[in-house]
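> predicted model and sequence follow; I will ask about them next.
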Amino acid sequence: MMRVGIAADHGAFALKGQLEASLRSSGYDVVDFGAHQLNPADDYPDFIIPLAQAVAAGNVERGIALCGSGVGASIAANKVAGVRAGLIHDVFSARQGVEDDDMNVFCLGGKVIGSALAWELVETFLAAHFSGAARHRRRVSKVQALEIPGSEPGNHAVTNHGRIRMKATQALHDLGQSLWLDNITRGLLTSGTLRSYIQDFSVTGLTSNPTIFDHALKNSNDYDDAIRQKLKEGKSGEGLFFELAIEDLRQAADLFRPIHDLTNGVDGWVSLEVSPLLANDTAGTIAAAKALHAKAARPNLFIKIPGTKEGLPAIEEAIFAGVPVNVTFLFSCPQYVAAAEAYMRGIERRISAGLNPDVGSVASLFVSRWDVAVVGKEPEWLRNQLGIAVAWQTHEKYRHLLDTPRAERIFNAGGRAQRLLWASTGTKDPNASDTLYVHALAAPFTVNTMPEKTLKALAAHGDIDGCIPARACKGDEVLAKFNKAGIHIEALGDQLQVEGAASFVKSWNELLQCIASKSETLKAA
């Protein structure tokens, strides 16, 4: 039976309940997007948009959107790429809207019609099918052209002059850079938002860290039921956290699995971090990496291991064991080179042992923290240029390493390149562009993992017009100016790595405290 989504604000709350009951009694698989209680102060977009996103993502086949007049519901639903919503109060339009216009969201006014007529209209809408006639396909395609290049929704935007331009997220993807989301919450998964980012914003992977999970647990109740269940199973503390994190990342990995398969493992990855408390514990890191990857049981899941002095042997050993690794806490070019060599040693050992050398890895260089570290110390004319200059310098070294005989021997044996990933790319300076680091670091065969806020800003008003290779030579020139200003790059890079590891230890401890507090509260309840 068809899966149908339904949503309403206070203006049609009663009608939603009546229609939902009728749908269920008729055998439809119904997903209720709210509102779940009558509240005159609620806002219709809060319920209609998630419904529309679910329709666009294919999580439900049809949507029923309700508000007092139906007008607001129709306006909101039509803002989501891939949705064709109509405000309908007669039987002819309910059928014709689907047959001729491929309408997939049906809008009604709870204060306009009664429940009997509403149900008749809903039945008509759900029973109708798009005719597929050539003239109807032609007309629908002209509407889709405003939001869809080819067949994928949401990758074009309309300018103030009415011209269609490619969305910057799609342009970045077409340039050859992978765009990953630096965030994960259970709400992103259950609401269909992550799926919509994949479809509408060309997102092809995801990263996580203890700070992200800490915020997700503190700022929502999405994990409460799962925590209650795991407490009954005797789980607590760190073990309970990894259970929750692996559940989320398995779902995310499954969403990205088609991309992973399509790109032969180049893209479509998600990442899970070992405990930051192991940053200086080589043996503990190796054991944790192997155990977490085996427990997650997903081929497109990276284990994040810090590129610290103690982490380098763990990276080599994990790669040799066949565990894909996201090397984290890299800040400088020398740190990147050390991580890249650890990766290559692991692959070379696999080749010597007669093992398959195809083990994925990325090396994550943190960018924006450089500029935060020198605020007030650098000349005004060099503001917000240090992180980009370090990245340019590192990118030049990255390209050089890919072209060495050592790397070519690995590729010839069936191994793959460890890709360079830009991390910490959200702008921290309120006076700078919110897509500063995205534009500066656009380059083929790299990854940019960005916060949700930066992703949305890029989609809304970004403009990708070039890539790093034409500008990379500026890196050393800019760094020389910082050195001349008394900022010692190598020492600062080492300091940032130490501070970065310490900040994640702090977040980790706060995360475990949050889990302990929630556990006690839920036990008491």
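All right, it came through fine.

> next, the buried residues of stretch 489-500.
Buried residues in stretch 489-500, counted by 16 or more other CB atoms under 10 Å: 489, 492, 493, 494, 496, 497, 500. C-beta here means a position set from N, CA and C on the backbone, and glycine is covered the same way.

> okay, those in TSV with pLDDT, secondary structure and distance to residue 462 next?
Shown next, in TSV, are these (pLDDT from 0 to 100; DSSP: H, G, I helix; E, B strand; the rest coil; distance: CB to CB, whole Å):
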residue	pLDDT	secondary structure	distance to residue 462
489	94	helix	29
492	96	helix	29
493	96	helix	29
494	96	helix	33
496	96	helix	27
497	95	helix	30
500	91	helix	27
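
> closest one of these to residue 205?
residue 500 (21.1 Å; CB to CB).

> helices and strands of this structure: which one bottoms out on pLDDT?
strand 156-158 (a mean of 47; mean pLDDT, DSSP states H and E).

> wait, isn't residue 224 in contact with residue 518?
Yes. Residue 224 lies in contact with residue 518 (CB atoms under 8 Å); the separation is 7.3 Å.

> between these two, point out the one with more neighbours.
residue 518 (19 against 14; other CB atoms under 10 Å).

> name the nearest residue to that one, ignoring sequence neighbours.
residue 227 (5.9 Å; CB to CB, 6 or more residues apart in numbering).

> quick one: that neighbour is in a strand?
No. In this structure, residue 227 is helix, not part of a strand, as judged by DSSP: H, G, I helix; E, B strand; the rest coil.

> what's the neighbour count on it?
Using other CB under 10 Å: residue 227 sits among 23 other residues.

> from residue 525, how far off is it?
11 Å (CB to CB, to the nearest Å).

> follow-up on the earlier one: among the buried residues of stretch 489-500, which one sits closest to residue 79?
residue 500 (38.6 Å).

> my read: the closest one touches residue 367, true?
No. Contact criterion CB under 8 Å: residue 500 and residue 367 do not qualify, at 11.9 Å.

> just give the closest residue to residue 302, not the sequence neighbours.
residue 326 (3.8 Å).

> what lines up beside the helix or strand hosting the one you found in the sheet?
Assigned by DSSP states H and E, residue 326 belongs to strand 325-330. Partner strands and pairing direction for strand 325-330 (DSSP bridges) are strand 301-306 (parallel), strand 361-366 (parallel).

> helix or strand right after the first one?
Right, strand 301-306. helix 311-320.

> what's that next one packed up against?
helix 282-296, strand 301-306, strand 325-330, helix 333-352 (3 or more CB pairs under 8 Å, 6 or more residues apart in numbering; DSSP states H and E).

> got a list of contacts for it?
Helix 311-320 is contacted from outside by 279, 282, 285-286, 289-290, 303, 305, 307, 325, 327, 329, 338-339, 342-343, 345-347, 349-350, 353, 359, 361, using CB atoms under 8 Å, 6 or more residues apart in numbering.

> of these, keep whichever come out buried.
279, 282, 285-286, 289-290, 303, 305, 307, 325, 327, 329, 338-339, 342-343, 345-347, 349-350, 359, 361.

> low pLDDT regions in the stretch 101-250 of the chain?
Applying pLDDT under 70 to the stretch 101-250 of the chain flags the ranges 145, 147-166.

> from what I see, residue 85 and residue 108 are in contact.
No. The pair residue 85 / residue 108 is not scored as a contact, 11.0 Å apart, by CB under 8 Å.

> common neighbours of these two, please.
Counting by CB under 8 Å, 6+ apart, the residues touching both residue 85 and residue 108 are 65, 73.

> out of the strands paired with strand 325-330, nearest to residue 215?
Comparing the strands paired with strand 325-330 by CB to CB, strand 301-306 comes nearest, at 17.4 Å.

> picking up where we left off before, okay, the helices and strands packed on helix 311-320 in CSV with distance to residue 173 next?
As requested, the helices and strands packed on helix 311-320 are arranged in CSV below (distance: least, CB to CB, whole Å):
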stretch, distance to residue 173
helix 282-296, 26
strand 301-306, 20
strand 325-330, 20
helix 333-352, 24
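
> how about residue 89: what's its closest non-neighbour residue?
Counting by CB to CB, 6+ apart, the residue nearest residue 89 is residue 113, at 5.6 Å.

> pretty sure residue 449 is in contact with residue 423, am I right?
Yes. Residue 449 lies in contact with residue 423 (CB under 8 Å); the separation is 5.7 Å.

> okay, and the common contacts of those two?
Residues touching both residue 449 and residue 423 (CB under 8 Å, 6+ apart): 182, 207, 364.

> identify the bridge partners of the last one.
In this structure, residue 364 has the following beta-bridge partners (DSSP bridges): residue 421.

> now swap in the first one and tell me
Residue 182 has the following beta-bridge partners by DSSP bridges: residue 207.

> isn't it up against residue 447?
No. Counting by CB under 8 Å, residue 182 stays clear of residue 447, with 10.6 Å between them.

> overlap in contacts, these two.
Residues touching both residue 182 and residue 447 (CB under 8 Å, 6+ apart): none.

> show me which pair in the buried residues of stretch 489-500 is furthest apart.
489 and 500 (15.9 Å).

> remind me which helix or strand the residue of the chain most remote from its centre belongs to.
Distance to the chain centre peaks in the chain at residue 116, reaching 42.7 Å (criterion: CA atoms, centre = their mean). Element membership for residue 116, per DSSP H and E: helix 115-127.

> list the buried residues in that helix.
In helix 115-127, counting by 16+ other CB under 10 Å, buried: 118, 119, 121, 122, 124, 125, 126.

> for it, what is the distance to the chain centroid?
The chain centre lies 37 Å from the centre of helix 115-127; the measure is CA atoms, centre = their mean, to the nearest Å.

> residues contacting the residue sitting nearest the centre point of the chain?
For the chain, the residue sitting closest to the mean C-alpha position, by CA atoms, centre = their mean, is residue 181 at 2.9 Å. Taking CB under 8 Å, 6+ apart, we find residue 181 in contact with 194, 197, 203, 205, 206, 207, 449, 450, 452, 455.

> now swap in residue 48 and tell me
7, 9, 33, 65, 67, 72, 73, 76, 77.

> which element is the fourth one on?
When elements are defined using DSSP H and E, residue 65 is found to belong to strand 62-67.
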